[in-house]
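Asker: Sequence first, then the predicted structure, then my questions.
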Amino acid sequence: MRAIRSFRTLFLALLVSLVPASSFAGVFLSVTIAPPVLPVYAQPPCPGDGYLWTPGYWAWGGGGYYWVPGTWVQPPRIGVLWTPGYWGFVGGVYAFHAGYWGPHVGFYGGVNYGFGYVGSGFAGGAWVGGSFSYNRAVTNVNVNIVHNTYNTTVINNVTVNKVSYNGGAGGIAAAPTAQERQFSQEPHVPPTQLQQQHVQQAAQNPALAARANGAIPPSPRPRDRRHSMHPVRSVPAVRRRWRRARRRPMPISRLALRLRRPRRTGPRRTTPTRRRSRIQSRVSRRRKIRRRTSRSRNQSRRSRKTRTVANSDLATQGPRSAPPAGPGPCPILP
């Protein structure tokens, strides 16, 4: 049995080495255990123009399945679209057909990955000239950041389920159309280096393993930017935390008063009475300032006036005369 498995692995490796780059969609892995159902998750917002959504899928590694989260990624060049990989049941094993970039979206097993990948084709957007336009009906885009958008309702004629593989017992019964076979003959581009790093990071995360999370992987946090392949700028947040930690602790008396005071739940409203009191307080402050300035001016004027009067009196009186001489010393009697 081990010899058969090793021979199968060597045969697949040889087959992959012989597959040319023009037809990159090849079988990379085969196992005997069916992949779990696709989890329900929310699509993070698009980080900017030029990013394309690559849906999440179950990958095999370390003796079990692990979830590769969906992510926004920049394509290798303008004009290409992403065809997601899928699991297919062939010859008693579940084989994984890897995804690829190409001019058109090919066959991906009829798996409904959502967000434009409804089982056949792609309805999440299209290339218009040299820029990508997003369909706001099925993708999460912010019109303040992404400007090339449109809104078209997607009619899904495929049975909506969360099955993640094609063929076999309980699998999706879908076959490639003639057009999808034609698309498979077009030149393809393998996943980018960032996509490969994303898969490696998912394989090293034990929380994404199916046996650890019960085939329900944890959803990304709202503020977590690891779902998009662009540099994370979290330095301001770290600085804010550091400044907050450096603040002095609040005194116990003030803390007690704050705890007793009822906390405001909504924005503080400025009533007409409060506005009037503020205006009156400002007016009274200005009046006080004016009184102080006028008082100091009056005092300085009075001091100047007294000095002027004193100087004028001295000038009119002239210099003081010496006191009259007395009778002189008493005569000495004999």
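Answerer: All right, it came through fine. Residues are numbered from 1 along each chain as shown.
Asker: When you work out contacts or count neighbours from here on, use the C-alpha atoms and nothing else.
Answerer: Noted.
Asker: Mind jotting down where the strands sit in the stretch 1-150 of the chain?
Answerer: 27-31, 52-54, 57-61, 64-68, 71-73, 81-83, 86-90, 93-97, 100-102, 125-128, 131-135, 149-150 (DSSP state E, counting those that start in this stretch).
Asker: Quick one: closest of the ones you listed to residue 206.
Answerer: strand 64-68 (8.4 Å; Cα to Cα).
Asker: For the strands of the stretch 1-150 of the chain, which has the smallest mean pLDDT value?
Answerer: Confidence, taken as mean pLDDT, is least for strand 27-31 of those (a mean of 68).
Asker: In contact with residue 191, which residues are there?
Answerer: Taking Cα atoms under 8 Å, 6 or more residues apart in numbering, we find residue 191 in contact with 99, 100, 101.
Asker: Is it in a helix, a strand, or coil?
Answerer: Taking DSSP: H, G, I helix; E, B strand; the rest coil as the rule, one finds residue 191 in the coil state.
Asker: again with the one 3 residues further on
Answerer: Using three-state DSSP, the three-state assignment for residue 194 comes out as helix.
Asker: Same question for residue 295.
Answerer: helix.
Asker: so who does residue 127 touch?
Answerer: 79, 133.
Asker: how close does it sit to residue 134?
Answerer: 9 Å (Cα to Cα, to the nearest Å).
Asker: go on, residue 218?
Answerer: Taken as Cα to Cα, the span from residue 218 to residue 134 is 27 Å.
Asker: circling back: quick one: which of the contacts of residue 191 is nearest residue 167?
Answerer: Once Cα to Cα is applied, the member of the contacts of residue 191 that ends up nearest residue 167 is residue 99, at 18.0 Å.
Asker: quick one: low-confidence ranges for the stretch 51-200 of the chain?
Answerer: The stretch 51-200 of the chain contains residues with pLDDT under 70 at 156-160.
Asker: One more pass at 90, please.
Answerer: Scanning the stretch 51-200 of the chain for pLDDT under 90 picks out 61-63, 90-92, 129-130, 147, 153-162, 168-170, 184.
Asker: Show me which residues of the helix or strand where residue 181 lies are buried.
Answerer: In the assignment (DSSP states H and E), residue 181 maps to helix 178-184. For helix 178-184, a neighbour-count test (16 or more other Cα atoms under 10 Å) marks 180, 183, 184 as buried.
Asker: Contacts for stretch 103-112 next, please.
Answerer: 79-88, 118-122, 160-166, 172-176, 180-181, 183-184, 186, 188.
Asker: mind redoing it with 6 Å?
Answerer: Outside stretch 103-112, the residues that touch it by Cα atoms under 6 Å, 6 or more residues apart in numbering are 80-81, 83, 86, 118-121, 164, 166, 174, 176, 180, 183.
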